[in-house]
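[1] sequence first, predicted model second:
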Amino acid sequence: MRGLHQLDRSSAVAGTAALGTLAIVPVIFPGNYLMGVLTVAAIYGIWAVSWDFMCGLTGRENFGHALFIGVGAYAAGYMNVQIGWGPWWSLPIGMLLSALFALLLGFPTLRLRGPYFALAMLSAAVIMQRLMLIFWEHTGGEEGIQDITPLIRNHLHYYWFVLVLLGVITFVLSWLARSRWGLILRAIRGDEATCLAAGIPITRYKIISLVISAALAALGGALYAHYQLQVSPQLFSIVTSITIITMVYVGGMGSIYGPVGGALLLTFLAEGLRDVGEWRLMVYSVLLIMIVFFLPNGFIAPLWQKLRATLRGR
Amino acid sequence: MSQMLLEVDSLDKRFGGLHAVKQVSLAVAKGEIVGILGPNGAGKTTLFNLLTQFITPDAGHIVFKGHSLRGLKPQKVVALGVARTFQLCRPFAGLSVLENVLVGSFGPRVHQPDLVERAMHLLEQVGLVSKAEVAAELLSYGDQRRLEIARALATDPELLLLDEPFAGLGSAEIEAISALITQLHTEKKLTILLIEHKLREFMQLVSRVVVLDFGEQIAEGTPQQVVENPRVIEAYIGKQGVTL
């Protein structure tokens, strides 16, 4: 279809260049600390981009993305430590389990109008966090699950692995966002009644998008578990969800690639803010409020659009 | 009355204590333009919402081309060939004019391979081709109305339901939209059901009128018959009547 299904070449080149640069940074500046921050940043990138695909495009903001992340991470921990399966099972099974959660939660909640979807997802994540404490014999309670085996022992190789996954996911979701599918999701954001009048089965599109979003969040969760080598109920907390939403807002909601930039930027910012400890969430919140006020489209995506226009000599 | 495109029989809907649509029956033949007339709150838009299954009726039958529409999802009604517009224009904000029309063409009725070309052709018909790349929410009200019609046409309907297509428009725009509706009727052989307030333009467009008042069908006939009907004059027009 003309006008659709096209990823513009400059964005693809810039994306590849950015990933390439990220890949060689720890080679030029070796050190476990930097590599650790980069790995976590890339995982946050997966979480942010998966949030943006469903929520950024349809405008249905999920305040419980942590639920899917936690499901992926705990699935990894549980299968790896409690059952004793090899670490590679974590990725597909975590994604599948999370997709199932998305189906179960999506059917009742995505029919709701207004803020109820956001609230329902927020509550679901809080309930899951509680359940992790209640069923402590299986989940380890407050301590969580320790001694998870790494997927790849070499830290640099693991970082590259995460980075490649981030690149592939971002590329595929960007392509989907520019296809008929993405257009329909943006139309749902525009007006649901008009979608019905245009013959679009909106509930189906919203649920499938949530399932995709949830599966990818769980993939990130499993990657995180196999990087930290432990999981804790904190993963399900509202802080996780809000951090991701902030990253998306900073990056540019609905742009898909923007939130990846937002995730990198804010992960490094959070590292810089380590000294202020408990104030971190407040700084995050103030930043979110300021962006919503002054830069409603975020700044990474608008910045790139401006740069691209300049490069083209417009 | 054998070859009816749409047949509505004893359609009924209550909202709590409000009896919004009372036992309404009407039929529309292929190729007709039928008007639904009535004062504010008469149940006209509710009737449209019932026909398109945006709201489920409490009782009654809706048969379109032999298919019962009752209980279908709104998108299935569109898939059978019934399209609607809204009284208040509801374009997809954040999408371009062209994209707005494209979204309408993703249903099962459209088979052309080049949807963009088809959408551009529809925009040409409604006179919006020069604004294809403009963000839909930036259009003037009259242009949004055209876009609304183009989006409905994109679903390839056989029956088009227009909910107050002249609402909020100036007289020049009304004439233009009126001409567009006539053109769609003659060129595309579209059957049209139309709700309107603006009496004069309305009466020139339609061949038959159904009058609602407080959810009840109080008259039916040619525009001339309807404006001479004492119940209609009392309910809607006032004591002086109106000249065509």
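    Perfect, I can see it now.
[2] could you pull out the strands in chain B for me?
    For chain B, applying DSSP state E gives strands covering B:4-15, B:18-29, B:33-37, B:59-64, B:67-68, B:82-84, B:159-163, B:191-195, B:208-213, B:216-221.
[3] what's the closest of those strands to A:Y205?
    strand B:82-84 (19.4 Å; CB to CB). Where C-beta positions appear, they are placed from N, C-alpha and C, glycine not excepted.
[4] sheet partners, orientation included, of that closest one?
    The strands beside strand B:82-84 in its sheet (DSSP bridges) come out as strand B:159-163 (parallel).
[5] adding mean neighbour count and mean pLDDT, write the strands of chain B out as CSV.
    Converted to CSV, those look like this (neighbours: other CB atoms under 10 Å in any protein chain shown; pLDDT from 0 to 100):
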stretch, mean neighbour count, mean pLDDT
strand B:4-15, 18, 93
strand B:18-29, 18, 93
strand B:33-37, 24, 93
strand B:59-64, 17, 95
strand B:67-68, 12, 94
strand B:82-84, 28, 96
strand B:159-163, 24, 95
strand B:191-195, 23, 94
strand B:208-213, 23, 91
strand B:216-221, 18, 90
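[6] got a markdown table for those strands, with distance to A:Y227 too?
    Formatted as a markdown table, those follow (distance: least, CB to CB, whole Å):
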| stretch | distance to A:Y227 |
| --- | --- |
| strand B:4-15 | 56 |
| strand B:18-29 | 59 |
| strand B:33-37 | 64 |
| strand B:59-64 | 58 |
| strand B:67-68 | 56 |
| strand B:82-84 | 52 |
| strand B:159-163 | 56 |
| strand B:191-195 | 61 |
| strand B:208-213 | 66 |
| strand B:216-221 | 69 |
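[7] where in the chain is the helix or strand with the lowest mean pLDDT?
    Going with chain A. Least confident helix or strand, chain A: helix A:280-294 with a mean of 79, by mean pLDDT, DSSP states H and E.
[8] actually chain B
    helix B:199-205 (a mean of 84).
[9] what about residue 58, how many residues nearby?
    Using chain A. For A:T58, the number of neighbouring residues by other CB atoms under 10 Å in any protein chain shown comes to 26.
[10] hm, I was asking about chain B
    14.
[11] again with B:V77
    24.
[12] skipping adjacent residues, who's closest to residue 206 in space?
    Just so you know, I chose chain A. For A:K206, ignoring the flanking residues on the chain, the nearest one in space by CB to CB, 6 or more residues apart in numbering or on different chains is A:L110 at 4.5 Å.
[13] oops, I was thinking of chain B
    B:G35 (3.6 Å).
[14] so that neighbour sits against B:L212, correct?
    No. With contact defined as CB atoms under 8 Å, B:G35 does not reach B:L212; the gap is 10.9 Å.
[15] need the nearest residue in space to B:V78, chain neighbours excluded.
    Here the residue nearest B:V78, using CB to CB, 6+ apart, is A:G199, at 3.3 Å.
[16] quick one: secondary structure of the one you found?
    Here A:G199 is recorded as coil under DSSP: H, G, I helix; E, B strand; the rest coil.
[17] re the thing from before, hmm, the residue nearest to A:K206 is touching A:L210, no?
    Yes. Under the criterion of CB under 8 Å, A:L110 makes contact with A:L210 at 6.6 Å.
[18] out of the two, which sits in the more crowded spot?
    In terms of neighbours (other CB under 10 Å), A:L210 is the more surrounded of A:L110 and A:L210; the figures are 28 against 23.
[19] pretty sure the more buried one is in a strand, no?
    No. Applying three-state DSSP, one finds A:L210 to be helix, outside a strand.
[20] quickly note the distance from the residue found closest to A:L287 once you drop the neighbours it is linked to in the chain to A:I24.
    Leaving aside its sequence neighbours, A:L287 sits nearest to A:T246 (CB to CB, 6+ apart; 6.5 Å). From A:T246 over to A:I24 the distance is 28 Å, taken as CB to CB, to the nearest Å.
[21] between these two, which is the more surrounded one?
    Comparing A:T246 with A:I24 by other CB under 10 Å, the one with more neighbours is A:T246, at 22 against 9.
[22] who are the neighbours in contact with the nearest residue to A:R312 once chain neighbours are set aside?
    Excluding the flanking residues, the one nearest A:R312 by CB to CB, 6+ apart is A:S10, at 7.7 Å. A:S10 is in contact with A:R308, A:L311, A:R312, counting by CB atoms under 8 Å, 6 or more residues apart in numbering or on different chains.
[23] and the first one, what's its pLDDT?
    Taken from the predicted model, the pLDDT recorded for A:R308 is 84.
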